[in-house]
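Engineer: Coordinates for the following, if possible.
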Amino acid sequence: MQPAVTRLGGRTSIDDQRDQVAVTFSNQGPGTWNANTVLAAWSGSGDGPPGNGTTFCHAQGSDWNTCDPGVPAWVGSGTVTSGHSYTFEFQIRANSGASSTTLYFRPAERQADGSYQWINTANGSRTYDYFTVHLS
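Structural biologist: Next up is the predicted model:
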């Protein structure tokens, strides 16, 4: 069976109400990613805290870590050293009544106080990925 989510140039289509997503980032910084490294929902602009992910959150606690803030995936028990990549995998679920929208995600580090610090490129540029979800 063909997956319902198709990644084509930053665009995604969902043919039903739920499907798997995979987003790969390369660790090009000096630090090591670990269990505190997460993929978080982002507004698409600014550097405020992770956005609310409840519109597309699937199975909080088992698939998504939290829905608000939107943290669908994390590195887990392994580590990702500089120069290596990690694929964050998670499911999205469209609530009934949801419309087509663009979802933005950025890698971040969970801090001791529970807040999140975005991970940027070495030159300070934002690191992110996005895709447009079309409900059909």
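
Engineer: so where's this protein shaky on pLDDT?
Structural biologist: 1-18, 94-99, 122, 134-136 (pLDDT under 70).

Engineer: and with 90 instead?
Structural biologist: Scanning the chain for pLDDT under 90 picks out the ranges 1-31, 41-70, 72-74, 76-77, 82-83, 85, 87-106, 114, 119-136.

Engineer: Do a quick rundown of the strands in it.
Structural biologist: Ranges of strands within the chain are 11-14, 18-26, 37-42, 73-74, 85-93, 101-110, 116-118, 129-135, based on DSSP state E.

Engineer: Most tightly packed of these?
Structural biologist: Most buried of the strands of the chain by mean neighbour count (mean count of other C-beta atoms under 10 Å) is strand 37-42; its value is a mean of 26. C-beta coordinates here come from the backbone N, C-alpha and C atoms, glycine included.

Engineer: chain center to that one: distance?
Structural biologist: 5 Å (C-alpha atoms, centre = their mean, to the nearest Å).

Engineer: Does anything pack onto it? Which helices or strands?
Structural biologist: strand 73-74, strand 85-93, strand 101-110, strand 116-118 (3 or more C-beta pairs under 8 Å, 6 or more residues apart in numbering; DSSP states H and E).

Engineer: Noted, bye for now.
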